[in-house]
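Asker: Kindly return the folded structure for what I paste below:
(2 chains)
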Amino acid sequence: MMRFAIALALVGLVQIGHVRLEAADPEAVVVYRRAALETMAKAGRLENATLVIRGNKIEAVGADVKIPDNAQIIDAAGQTIMPGLIEPLYEVAIAGPAADAAPRTMVIRGRVVQIPSLPTTGRGFTRVADSFYPYDPGLKPLNRMGLTTLNLITNGMGQSAMVQLTPQQPDQMLWKADGVVFASVTNNTESLDQLRTRLDLAGRGRTTGGASGAGGPTPTRPGPGAGGGMGGAAAAAAAANLQVWRDLVEGKTPLVVSANNSATILYVLKLVETHKNLKLVIFASGDSLYEAREALKGRPVKIVLQPGLDMRPNSRDRMNVARLLHEDGHEFSFSLLASSSPGPMGGGGSSPTDQFLSQDFPLFPVAYAVKTGLPRQAALAALTQRPASLLGLDKELGTLEPGKLANLLIIDGDPLDPRSRLRATMIEGKTVYAR
Amino acid sequence: MRGKLPYLTLACLGLITWSWSSAAQDGLSTKPAPPPTATVPAKPEATKPAPPKPAPPGAGITAIVGGDIYTVTREVIRRGTILIKDGKILQVGQDVAVPEGAVVIDAKGKCITPGFIAMTAANVGVRTLGGGQGGGGPPGPGAGGRQGRFADALNPYDRNLKYCLGIGITMTCVEVAAGPMGRFGRDVEDETSLCPCCGLTILSTEPITPPVPTERTPRRHAVLKMTYGELDAMLVKDSPFYHLPAGAFASPLNRHQWREQIRRAKQYLKDQSLHEADTADGMPGAPPSRPVSDEVIKLVEKKVALRTEASSAQQIREMIEMAKELDYPLVLDNVHEGWLVANDLAQAKVPVVITPRSRRRPQLGREDDTGSSIEMSGILEKAGVPFAVASLGNSVSLDGIAGRDLTSLGLEAAFAVRGGASEAAALASLTIVPARILGLADRVGSIEVGKDADLLILNGPPLDYRTWVEQAMIGGKVFYDRSEDRLYPDVDAR
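Answerer: Model prediction:
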């Protein structure tokens, strides 16, 4: 009997927890009082302030905000609330035509025929949203790191997809299927030509009025294996791709380039010189960015890098590249999860952030960058407001301001203090993680 | 010079290891070269910002004043002045007036030479597929095989560029591997063909007779300037040679194949000119098909030279004979027994690339007239054979035996002096001779009006082993400054 009661009580507890996670009345008002708010906006950090959330949006932020009558009031004294972390470059592995990737030798009617390998970099244009798999177990633990929004890319070239990390509602995770265009580039002809031809084609289309329909030139240079027999659907897709590249050349959407070394950064900077309106975002390792620092100075390029300290090239001296970029006047974003070299996520496991992925305090490398001279506000902005603006999400995300989506983190202390614990992650007003 | 030589290698070893260890302690910093106006130790009046209305006559001019100028092609100008404008040499001489407003570099007591040119190099500024001898870094893919273009595979942040500049090399002829399988491997693509119906690759069947050797894949080179951190001026020339290994001429069958190729290329050129004449006369026909690669045709047109190795006197004679018979320009590498056939080389006007310290064992019993000789450089100079000097290793290596890698190039030229060559010839072997061999003598290789301002400011005579490069400039811009680039930071100049 006693055991039964305990079991019942346990079930009840679980139920309560479950209900708490699911609570999301569209007009429910939740008020956090006496909290420290990292607004990431003009207001800066507000001590002992009030945050009002109505439904999925932030309604009011400030020290003396009128609390609505029917509100659920939560005393958040000693806690810090900040916008959810936005990952600008989460690389996912998308299975390509892997079966044909390796060179094969086969015997057909007594003749030895060798089938050449498909070029891996010439796979063309991948639309990540088409292959998005919301049940990926790798997505679940990201909430407990404080991530709320991901920009999914893959290796090669393509269009990203943006995801709100709500593993409880897998069908609603894919948030924006038409993301930004990304490209992994190395300094060789094949790789650079992929970008060159597409940009030039899109640039030409713009100057001539751009009346090229489905029958017009395709932006993809057909490689071996992808050449013959482009059907109507493929041609339509190519035309859609062309439109994507035109938006890019006109500056409507950014181009995110992952450069494998410092020389590639130079090549990419040179490559986009003819496209004045193009908004370039460069992701590269810290030492590559350090080497190309002079070339990047004064250029209107947005930069994404991994937080932490890097080794100065050809030495064992540590350096804080984020701080140097800050001093050069760049508004960079941090990527907690990007792998430093192009390739499927988690392949090498050697990137510095991989080591922190499994830890309870994923912001440790950011804290380290702050300790070694990066201003704290710049560091926090590089995790929230800047990636939002980089991805064109600044109307919806990135700061604690009225009208923005309630993607929040509730932390029982300074977000960069290793003693702090993440208490709750909230996406559009719904708690997706709590402890 | 002679008396100091026994210490030469030792001293170099000491200096390099010392600088290496101290550099490792300090942490090497890669400072991108700032614009020249900011770095040069200019006179105070020159750095003052000029008033905006009257542009001074010397605006945009850099003047190197007071140094001994080794022009290479002419006499040494003591305490002379060089004016540089737009990356070119504007004026050289003893009584050249420095215009007002010019940036002045004081080179009193210094020596100024043209930048050195390395004829053999690998792993410098561009990654190779095969890797070089004594290679510094790990080779990786990047050059993209035959299809890739050098222009897209350069790495202006390669540390080896700095090491080259640090000993005065401003230009290298960098080798990038031959084919997909490397220098000596056979090219797979040449042996395959595509099925006409399905387009799939067909492997050839097992041959019954030995295969007729197909056209060899030449070794690829590119001429690069060591412009650290800058991409635009880096690639000077793609494929300056048609470079085949000595093995390509080793057997009668190979030589027959080579003659056949040249014959076909000449026939093609004849057909082509006939076709052009016909077209001009209003009788357009089908243009002739190209039987050999473009490189061979360039060779027959004498636009590039055949570069190959010929170690023994026999090989050298054979190569000279063949070049005479088939009528193409020739450059020979590694001519260990060149001292035996110096007159043949001079008569045929064949320039050579020598490594004075490289050895070839003499034949047993014929020690006096076979094998290498340290006196080759002197013998070649007397015979009138232009020679360029190459280092023992073709890449930058700091963890092997000191004094053998690419950074020992100047040392190797000093060994040419030991072998009896004049100092002028030794300096020419680093500058104007390689420039002529590369077909770039109109741009680099000497200090003359109109040439690129690729200059070195040295703290002593160019061939002295104690001399350091103080500044290395390319196109008038300083890309290496010993006081700032911490390659050899703590080594005191004399």
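
Asker: which other helices and strands contact the helix ranked longest in chain B?
Answerer: If you go by DSSP state H, chain B has its longest helix at helix B:252-280. If you count contacts as 3 or more C-beta pairs under 8 Å, 6 or more residues apart in numbering or on different chains; DSSP states H and E, helix B:252-280 packs onto helix B:294-300, helix B:313-326. To be clear about C-beta, it is placed using only N, CA and C from the backbone, and glycine gets the same treatment.

Asker: at 6 Å instead, please
Answerer: helix B:294-300 (3 or more C-beta pairs under 6 Å, 6 or more residues apart in numbering or on different chains; DSSP states H and E).

Asker: Report the backbone C-alpha coordinates of the helix it packs on in PDB.
Answerer: Taking Å, rounded to 0.1, in the frame of the first residue of the first chain, the C-alpha atoms of helix B:294-300 are listed here in PDB:
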ATOM      1  CA  ASP B 294      50.200  23.300 -75.900                       C
ATOM      2  CA  GLU B 295      53.400  23.100 -73.800                       C
ATOM      3  CA  VAL B 296      55.200  21.200 -76.500                       C
ATOM      4  CA  ILE B 297      54.100  23.700 -79.200                       C
ATOM      5  CA  LYS B 298      55.300  26.600 -77.000                       C
ATOM      6  CA  LEU B 299      58.600  24.800 -76.800                       C
ATOM      7  CA  VAL B 300      58.900  24.400 -80.600                       C
END
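
Asker: residue furthest from the geometric center of chain B?
Answerer: residue B:197 (47.4 Å; C-alpha atoms, centre = their mean).

Asker: Tell me the confidence at that residue?
Answerer: Note on residue B:197: pLDDT of 73.

Asker: what secondary structure does it sit in?
Answerer: Assigned by DSSP: H, G, I helix; E, B strand; the rest coil, the conformation of residue B:197 is coil.

Asker: That one: what's it in contact with?
Answerer: Applying C-beta atoms under 6 Å, 6 or more residues apart in numbering or on different chains to residue B:197 gives no contacts.

Asker: tell me the SS of residue A:82?
Answerer: Under three-state DSSP, residue A:82 comes out as strand.

Asker: Pretty sure it sits against residue A:37.
Answerer: No - contact criterion C-beta atoms under 6 Å: residue A:82 and residue A:37 do not qualify, at 7.6 Å.

Asker: which of the two has more neighbours?
Answerer: Neighbour count, other C-beta atoms under 10 Å in any protein chain shown: between residue A:82 and residue A:37, residue A:37 has more, with 27 against 22.

Asker: Could you look up the SS state of the more buried one?
Answerer: Looking at residue A:37 with three-state DSSP, the answer is strand.

Asker: Distance-wise, check it relative to chain B.
Answerer: 41 Å (C-beta to the nearest C-beta, to the nearest Å).

Asker: who's in contact with that residue?
Answerer: Residue A:37 makes contact with A:46, A:49, A:51, A:81, A:400, according to C-beta under 6 Å, 6+ apart.

Asker: now swap in residue A:157 and tell me
Answerer: Residue A:157 neighbours (C-beta under 6 Å, 6+ apart): A:125, A:183.

Asker: Is it bridged to anything, and to what?
Answerer: Assessed by DSSP bridges, residue A:157 has beta-bridge partners residue A:125, residue A:183.

Asker: The longest helix of chain B to helix B:313-326, inter-axis angle?
Answerer: For helix B:252-280 against helix B:313-326, the angle by axes from the mean of the first three to the mean of the last three C-alpha atoms, to 10 degrees is 20 degrees.

Asker: Enumerate the positions of helix B:252-280 that are buried.
Answerer: B:257-258, B:261-262, B:264-266, B:268, B:275 (16 or more other C-beta atoms under 10 Å in any protein chain shown).

Asker: again, but for stretch A:386-395
Answerer: Buried positions in stretch A:386-395, judged by neighbour count with 16+ other C-beta under 10 Å: A:386-393.

Asker: where does the stretch 151-300 of chain B have low pLDDT?
Answerer: B:177-196, B:199, B:201-214 (pLDDT under 70).

Asker: wait, isn't residue B:359 in contact with residue B:373?
Answerer: No - look at residue B:359 against residue B:373 with C-beta under 6 Å: they stay out of range, at 9.7 Å.

Asker: Neighbour count: these two, which is higher?
Answerer: residue B:373 (22 against 11).

Asker: out of everything not next to it in sequence, what's closest to the more buried one?
Answerer: Closest residue to residue B:373 apart from its sequence neighbours, by C-beta to C-beta, 6 or more residues apart in numbering or on different chains: residue B:339 at 4.9 Å.

Asker: And residue A:161, by the same measure?
Answerer: Using C-beta to C-beta, 6+ apart, the nearest residue to residue A:161 is residue A:129, at 3.8 Å.

Asker: And residue B:92, by the same measure?
Answerer: residue B:82 (5.3 Å).

Asker: Could you find the two of the buried residues of stretch A:386-395 that are most distant from each other?
Answerer: A:386 and A:392 (12.2 Å; C-beta to C-beta).

Asker: which residues are common contacts for these two?
Answerer: Between them, residue A:386 and residue A:392 share no contacting residue, judged by C-beta under 6 Å, 6+ apart.

Asker: What ranges does the stretch 301-435 of chain A have for its strands?
Answerer: A:302-305, A:310-311, A:318-319, A:332-334, A:408-411, A:422-427, A:430-434 (DSSP state E, counting those that start in this stretch).

Asker: actually the stretch 101-250 of chain A, not the one I wrote
Answerer: A:104-108, A:111-115, A:125-127, A:147-153, A:157-159, A:161-164, A:174-176, A:181-185.

Asker: Return the member of the buried residues of helix B:252-280 nearest to chain A.
Answerer: Closest approach between the buried residues of helix B:252-280 and chain A, by C-beta to the nearest C-beta: residue B:257, at 25.9 Å.

Asker: and the gap between the closest one and residue B:244?
Answerer: Going from residue B:257 to residue B:244 by C-beta to C-beta, to the nearest Å gives 11 Å.

Asker: now do residue A:331
Answerer: Residue A:331 is 54 Å from residue B:244, where distance means C-beta to C-beta.

Asker: cool, residue A:427 as well?
Answerer: Counting by C-beta to C-beta - residue A:427 and residue B:244 are separated by 66 Å.

Asker: neighbour count winner among those two?
Answerer: In this view residue A:427 and residue B:244 are compared by other C-beta under 10 Å, and residue A:427 has more residues nearby, 27 against 21.

Asker: Relative to residue A:405, how far out is the more buried one?
Answerer: Distance of residue A:427 to residue A:405, given as C-beta to C-beta: 8 Å.

Asker: Same check on residue A:292?
Answerer: According to C-beta to C-beta, residue A:292 stands 35 Å off from residue A:405.

Asker: I'd assumed residue B:470 was in contact with residue B:482.
Answerer: Yes - under the criterion of C-beta under 6 Å, residue B:482 makes contact with residue B:470 at 5.3 Å.

Asker: more crowded one of those two?
Answerer: Each of residue B:482 and residue B:470 has its neighbours counted (other C-beta under 10 Å); residue B:470 has more, 23 against 20.

Asker: neighbours around the residue nearest to residue B:55 when sequence neighbours are not counted, how many?
Answerer: Spatial nearest neighbour of residue B:55, excluding adjacent residues (C-beta to C-beta, 6+ apart): residue B:101 at 7.7 Å. Residues lying near residue B:101 (other C-beta under 10 Å) number 17.

Asker: Over to residue B:85?
Answerer: The number of residues packed near residue B:85 is 18, by other C-beta under 10 Å.
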